[in-house]
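Asks: give me a 3D structure for the following:
(one chain, ligands or ions: 3)
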Amino acid sequence: MRIPFLSLFPALFLTFFLTAHSPPSSIYDHLKHNGLPIGLLPKGISDFSIDPNTNRFHVNLTHPCNSEFEIQLHYDFNISGVLSFGKIANLSGVSQQELFLWFPVINIRVDDPTSGLINFDVGVVDKQFSLSLFEIPRDCTAFDPKGSLSISQKPSELLGTEIVEEHMLRAIS
Ligand SMILES: *[C@@H]1O[C@H](CO)[C@@H](O)[C@H](O)[C@H]1NC(C)=O
Ligand SMILES: *[C@@H]1O[C@H](CO)[C@@H](O)[C@H](O)[C@H]1NC(C)=O
Ligand SMILES: *[C@@H]1O[C@H](CO)[C@@H](O)[C@H](O)[C@H]1NC(C)=O
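Replies: Ligands and ions are numbered 1, 2, ... in the order given. You can find the predicted model right below:
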């Protein structure tokens, strides 16, 4: 049987055309387009903007929230950063919990996708996580400032505790 190859061509062409020419339409598309896992940001973001020249993006969440999984992340109302391939630089609005303290995540990098690892630069240390943790955007539960002791310390209040943290990390490693 002959494969009706030519009849497939218009469909293939159309797919190519759409993929190549439609600009990424969600912030998740932009992450994907830059070789980053879409689960770095929580589920359901629709209010975002990105500057096509600088690749600086802004995201407004409906509420600040915490994503709780193997690692705890806190997302502020407003998140911004600069996207480039395999990297988010100048990140603001995302913090990571470590030993009950919150540390702003400054940069996120995937140096080598084949390693399956992603790096979070939290200022004092580079933390490595499995890329697979961030495959899908997570639910993000509203942040309650009056909640547990561990989340009552706002990231912005933590300048100055970084040194302590570094010693603690050294002590346990
Ligand atoms: C976020 O909210 C601010 C203030 O309401 C608005 O100016 C901005 O356009 C919104 N969207 C983004 C993507 O920053
Ligand atoms: C941050 O996000 C909130 C909620 O979407 C919005 O009301 C506020 O104006 C934003 N601020 C900036 C600086 O975009
Ligand atoms: C990152 O932020 C710093 C200080 O705000 C600024 O000087 C630098 O140009 C920014 N980098 C990018 C790539 O936007």
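Asks: touching, Phe134 and Gly39? I think so.
Replies: Yes: between Phe134 and Gly39 there is a contact under C-beta atoms under 8 Å: 3.7 Å. The C-beta positions use only the backbone N, C-alpha and C, and glycine is treated the same way.
Asks: and for Trp102, the neighbour number?
Replies: Using other C-beta atoms under 10 Å, Trp102 has 23 neighbouring residues.
Asks: go on, Asp139?
Replies: Using other C-beta under 10 Å: Asp139 sits among 11 other residues.
Asks: pretty sure it contacts Lys43?
Replies: Yes: Asp139 is in contact with Lys43 according to C-beta under 8 Å; the separation is 5.7 Å.
Asks: who's more crowded, Phe134 and Gly39?
Replies: Phe134 (22 against 19).
Asks: gap between that one and ligand 3?
Replies: According to C-beta to the nearest ligand atom, to the nearest Å, Phe134 and ligand 3 sit 22 Å apart.
Asks: and if you look at Leu31?
Replies: Following C-beta to the nearest ligand atom, the distance that separates Leu31 from ligand 3 is 17 Å.
Asks: is ligand 2 within reach of the helix or strand harbouring that residue?
Replies: Leu31 belongs to helix 27-33 when elements are defined using DSSP states H and E. No: figure legend: helix 27-33 not in contact with ligand 2 (C-beta under 6 Å from any ligand atom); closest approach 13.8 Å.
Asks: is the very next helix or strand once past that helix positioned near ligand 3?
Replies: Downstream of helix 27-33, the first helix or strand assigned by DSSP H and E is strand 48-50. No: for a cut-off given as C-beta under 6 Å from any ligand atom, strand 48-50 has no contacts with ligand 3; the smallest distance is 12.8 Å.
Asks: what's downstream of strand 48-50, the next helix or strand?
Replies: Using DSSP H and E, the first helix or strand after strand 48-50 is strand 56-60.
Asks: as PDB, could you dump the C-alpha coordinates of that next one?
Replies: The C-alpha coordinates for strand 56-60 follow below in PDB (Å, rounded to 0.1, in the frame of the first residue of the first chain):
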ATOM      1  CA  ARG A  56      11.600  40.700  31.400                       C
ATOM      2  CA  PHE A  57       8.300  39.300  32.700                       C
ATOM      3  CA  HIS A  58       5.800  40.300  35.300                       C
ATOM      4  CA  VAL A  59       3.200  38.100  36.800                       C
ATOM      5  CA  ASN A  60       0.300  39.100  39.100                       C
END
